[in-house]
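>>> Pasting the sequence and the predicted model now:
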Amino acid sequence: MPILTIDGKTIEVEKGTTILQAAQRLGIDIPHYCYHPGLRIAGSCRMCLVEIQGVPKLQIACYTEATDGMVVFTQSEKVQQARRAVLEFLLVDHPLDCPVCDQAGECYLQIYYMQHGLHPSRVREDKLKRAKVRVLGEHIVLDQERCILCSRCVRFTEEVTRTFELGIFNRGDRSVVDVYPGEQLRNRYQGNLADICPVGALTDRQFRFRTRVWYLDQAKSICPGCSRGCNIVVDFNVRRGYKAGGRRIPRIRPRPNPWVNQYWMCDDGRYGFGWVEGLDRILSPKLLENGHPREIPWAEAIRLAGAWIGEAAREKKLGVLLSPRMSNEEIYAASYVLRSLGVGNVGYWAEPATPGDEDDLLIKADKNPNTYGARLITGVPQEDHLARMVEALSSGAVDTVLIFLHNLEQARAGRAALETLRRAKRFVFVGTNWNRTAAAASLVLPVTAFTEQEGTFTNFQGRVQRFWQAVEPMGQARSALSVLNELAASWGIPPLPDNAAEAFARLASENRAFAGLSYETLGDQGQTVRASEEPGVVGP
Amino acid sequence: MRIPQSERELTWWEKIYLPEVVRGLAITGRHFFVNLARHVLHLLGFNKVPKGAVTFQYPEEVRPISPRLRTVHRLARRADGSPRCVACMMCETVCPANCISIVGAEHPDPNIEKYPVRFDIDLGKCVFCGFCVEACPEDAIRMDTGIYDFAAYTREGMILTLETLLSLEPAPYVKVPPQDRAADPGPIHARKGTVAPL
């Protein structure tokens, strides 16, 4: 195990670690463009030059392996001078369009120029003109003038997606990044190209010009798009409400997690969160009479729902369908409250997976974020609760149904079930957005989306991951946890804490699979459940 | 901040009220007659006598303003009439009063790239600091319209939209003739003797 010294600090690293990685572990930031931890090392930008004692020339930190007794200086005069020179070289043809560039504010040319450059231009020649707004694919637009040829994007399409659409063409100062002739970006991960581009050459067509990045606040979250549960950052703007058409969340970005998504996320997740602020969000509790919704206050909605569900539960005529789109805490709260009420079969239904709609990188066929958690918490194995409920409804064994978050219209089995559900005497729908299922209900209770509440999802590997609240709930929406607690209080059942962390602690104390887990131990990157202790559950 | 105030007891002479009222009238009267006398003497050619105070009959009579005065904003145009603004939001960012609201969009010309579809300035919030003019990299926003008497009956009326901002013209540069400059008594605080110090 080599022990090396960087700027006077000593660290022991594994063999094969580069100087740059060792420095990052010490909290020393070595400027770099072409190095990305998720990609092969190119060593092309020359920005990470460092001085090593006994080595006559400066070496690149991203490719030089740490050896025993190595003494590295990252801030010496020689290094600073080299950085300034490299930066000046990179800026020779770089246009001064920071004001209209979408990367401004998170651009590493800007950041390192402010740290190391600050030199007036010595270039008297005209800057080279290249293609400005070149659309490369559905989500990405290229500005060749801004490109510094770090080749991160080329390596991404070669190594991560293995689709090989991008290349560097021509030679010398005519070199440009471009797609191969007649080609365009067609992989399902192209949004990552805008993230990894350290400058403003590749920008996101959806996010472009919608807001400035310095107006955005960040919240850590989990993508609810599929059972992978990619770690994400929700960028939200509440300080300048008129931006991005009034939408508070202009973009989401991946957050590194080596166990789940490394550094990436798919485009379906990245651009598929529009529903959280869609025009079809349910903003207040609604009572539907002959399909016409009428707004009612929350107190009345809780009273009605409490009376209907309570009565049906007493008569054993209640059917409940939870959703694997709910967080662990919500599924736990629902099964706790309803079982305390004496409801026997609290089951969930997952929309059938789309066969083939998955790959070996991130995308999973199961498009629900918490199928695994729903299985662990309800304790029932995968079985078709929807079919059983439809059967019970048709036979008259059940006349009142309570459905959470589903959009039955999407699946064939669901469409058929919806016809039967319309005939239910009373149908309480708890959800975020209007859909055919909500329209068939007699009482609709609005709940918060994943960006508006705290909670945890359990992904297909059994990893329990936290998501944090980003924005305030839309309209009068409340978290499903607090709705369930109010219902519990109306039936005289001691409610769970409204706080997701405390509710999770209750879950962990009762469910052996979650034993030992708490919001503190989950941290940013989550923990795996003890699946082996749960009978009837297939481990990851 | 607490402002120190004298809590002096009124004297008996002040408490009987009438003498103080008469004293106040005397002060006002003194100003009136002194100024009247100074104006008359000036008319008669006694120019060494100090000048009398002058009252401007504002809206009818407008004092010349300095061309450097920061007045209501406008947006400059390109030669083809389109806004110079590229919606970079530097002014919006630097504005200490948060009175500028810009929404940008993609411009068909790749060399412009970005243009404002919405550009509102809420004059009700603006503090006329001029930071927006300083920050603008395109010299698009300027505060040279010479308009300082804006008022509205509603808060919405105080908001200037993109169309209004583009339609405003710079104030014509008026050079104040020397004889007017002589008649201009200068800023109030520079005149001695006519105004009591605060």
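Everything's here; your move.
>>> Now do the same contact list for the residue in chain B positioned nearest to chain A.
Closest contact between chain B and chain A, by Cβ to the nearest Cβ, is at residue B:88 (3.3 Å). C-beta coordinates here come from the backbone N, C-alpha and C atoms, glycine included. Residue B:88 sits next to A:99, A:100, B:114, B:137, B:138 when contact means Cβ atoms under 8 Å, 6 or more residues apart in numbering or on different chains.
>>> could these be laid out in a markdown table, adding distance to residue A:353?
Shown next, in a markdown table, are the contacts of residue B:88 (distance: Cβ to Cβ, whole Å):
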| residue | distance to residue A:353 |
| --- | --- |
| A:99 | 47 |
| A:100 | 44 |
| B:114 | 42 |
| B:137 | 52 |
| B:138 | 52 |
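>>> can I get those residues in a markdown table with distance to residue A:339, secondary structure and pLDDT?
Output for the contacts of residue B:88, formatted as a markdown table (distance: Cβ to Cβ, whole Å; DSSP: H, G, I helix; E, B strand; the rest coil; pLDDT from 0 to 100):
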| residue | distance to residue A:339 | secondary structure | pLDDT |
| --- | --- | --- | --- |
| A:99 | 60 | helix | 91 |
| A:100 | 58 | helix | 92 |
| B:114 | 57 | strand | 93 |
| B:137 | 64 | coil | 94 |
| B:138 | 65 | coil | 92 |
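>>> residues contacting the nearest residue to residue A:49 once chain neighbours are set aside?
Nearest non-adjacent residue to residue A:49, counting by Cβ to Cβ, 6 or more residues apart in numbering or on different chains: residue A:58, 4.1 Å away. By Cβ under 8 Å, 6+ apart, residue A:58 lies in contact with A:49, A:50, A:51, A:78, A:79, A:82.
>>> can you pull the pLDDT of the residue of chain B closest to chain A?
Looking at residue B:88, its pLDDT is 94.
>>> tell me which element it is part of?
In this structure, residue B:88 is located outside every helix and strand according to DSSP states H and E.
>>> can you check residue A:369 too?
Here residue A:369 sits in a region with no helix or strand, counting by DSSP H and E.
>>> can you tell me how far the residue most central in space within chain B sits from residue A:474?
In chain B, the centroid-proximal residue (Cα atoms, centre = their mean) is residue B:148; its distance is 5.5 Å. According to Cβ to Cβ, to the nearest Å, residue B:148 stands 42 Å off from residue A:474.
>>> same deal with residue A:383?
Counting by Cβ to Cβ, the gap from residue A:383 to residue A:474 is 34 Å.
>>> And those two? Which one has more around it.
With neighbours defined as other Cβ atoms under 10 Å in any protein chain shown, residue A:383 and residue A:474 compare such that residue A:474 has more, 19 against 11.
>>> how much space is there between the more buried one and residue A:452?
To residue A:452, residue A:474 is 7 Å away according to Cβ to Cβ.
>>> repeat for residue A:91
With distances taken as Cβ to Cβ, residue A:91 is found 43 Å from residue A:452.
>>> follow-up on the earlier one: quick check: pLDDT value at the residue nearest to residue A:49.
You'll see residue A:58 listed with a pLDDT of 95.
>>> With residue B:66 instead?
For residue B:66, the pLDDT comes out at 82.
>>> show me where pLDDT drops low in the chain?
Chain wasn't specified; assuming chain A. Along chain A, the parts satisfying pLDDT under 70 run over A:382, A:531-540.
>>> that's the other chain; I wanted chain B
Scanning chain B for pLDDT under 70 picks out the ranges B:1, B:174-198.
>>> And the helices in it, which stretches?
B:12-15, B:18-43, B:90-94, B:131-135, B:162-167, B:178-183 (DSSP state H).
>>> before we move on, the earlier item: any idea how far the residue nearest to residue A:49 lies from chain B?
Per Cβ to the nearest Cβ, to the nearest Å, residue A:58 is found 35 Å from chain B.
>>> Residue A:512 now?
In terms of Cβ to the nearest Cβ, residue A:512 sits 53 Å off from chain B.
>>> next one: residue A:375
46 Å.
>>> hang on, that residue packs against residue A:381?
Yes: if you go by Cβ atoms under 8 Å, residue A:375 and residue A:381 touch, sitting 6.9 Å apart.
>>> what about these two, which has more around it?
For the pair residue A:375 and residue A:381, the greater number of neighbours falls to residue A:375 (23 against 10), based on other Cβ under 10 Å.
>>> quick one: the more buried one from residue A:150, how far?
Distance, residue A:375 to residue A:150, using Cβ to Cβ: 44 Å.
>>> With residue A:236 instead?
From residue A:236 to residue A:150 the distance is 29 Å (Cβ to Cβ).
>>> between those two, who's got more neighbours?
Neighbours per residue, other Cβ under 10 Å: of residue A:236 and residue A:150, the larger number sits with residue A:150, 25 against 22.
>>> tell me, how many neighbours does residue A:44 end up with?
Neighbour count of residue A:44, defined by other Cβ under 10 Å: 17.
>>> same check, this time on residue A:229
By other Cβ under 10 Å, 31 other residues sit near residue A:229.
>>> Return the residues in contact with it.
Residue A:229 makes contact with A:222, A:223, A:260, A:369, A:457, A:458, A:459, A:460, A:463, A:465, according to Cβ under 8 Å, 6+ apart.
>>> Give me the nearest residue to it, chain neighbours excluded.
Among residues not flanking residue A:229 along the chain, residue A:459 sits closest, at 3.3 Å (Cβ to Cβ, 6+ apart).
>>> got it, and residue B:104?
Per Cβ to Cβ, 6+ apart, closest to residue B:104 is residue B:87, 3.2 Å.
>>> again, but for residue A:351
residue A:411 (4.7 Å).
>>> From what I see, that neighbour and residue A:350 are in contact.
No: contact status for residue A:411 versus residue A:350: not in contact, 9.4 Å apart, counting by Cβ under 8 Å.
>>> Pick out whichever of these two has more residues nearby.
residue A:350 (23 against 18).
>>> near chain A, which residues of chain B show up?
Residues of chain B lying close to chain A by Cβ under 8 Å from any Cβ of the partner chain are B:86-90, B:92-93, B:101, B:103-106, B:110-114, B:118, B:137-138.
>>> If we use 6 Å, what do you get?
Proximity of chain B to chain A is confined to B:86, B:88, B:89, B:101, B:104, B:110, B:113, B:114, B:137 under the rule Cβ under 6 Å from any Cβ of the partner chain.
>>> Can you name the residues of chain A that neighbour chain B?
Listed as neighbours of chain B in chain A under the rule Cβ under 6 Å from any Cβ: A:99, A:100, A:132, A:133, A:209, A:212, A:242.
>>> how about these, which pair is most distant?
Of all pairs drawn from these, the greatest distance, 27.4 Å, lies between A:132 and A:242 (Cβ to Cβ).
>>> Please say which of these two ends up with more neighbours.
Using other Cβ under 10 Å, the more surrounded residue of residue A:132 and residue A:242 is residue A:132, with 18 against 13.
>>> So residue A:140 is in contact with residue A:193, correct?
Yes: here residue A:140 reaches residue A:193: they are 5.3 Å apart, a contact under Cβ atoms under 6 Å.
>>> How about residue B:78: what's its closest non-neighbour residue?
With sequence-adjacent residues excluded and distances taken as Cβ to Cβ, 6+ apart, residue B:78 is closest to residue B:84, at 5.5 Å.
>>> Please name the residues that touch the one you found.
Contact partners of residue B:84, counting by Cβ atoms under 6 Å, 6 or more residues apart in numbering or on different chains, are B:76, B:78, B:138, B:140.
>>> For residue 41, grab the count of nearby residues.
Let's take chain A. When neighbours are defined as other Cβ under 10 Å, residue A:41 has 15 of them.
>>> Not quite, go with chain B.
Look at residue B:41: counted by other Cβ under 10 Å, it has 15 neighbours.
>>> Might one say that it is in contact with residue B:50?
No: shown here, residue B:41 and residue B:50 do not form a contact pair, counting by Cβ under 6 Å, at 9.6 Å.
>>> can you pull out the strands in the stretch 51-200 of chain A?
Per DSSP state E, counting those that start in this stretch, the stretch 51-200 of chain A carries strands over the ranges A:59-60, A:71-73, A:134-135, A:140-142, A:166-169, A:176-179.
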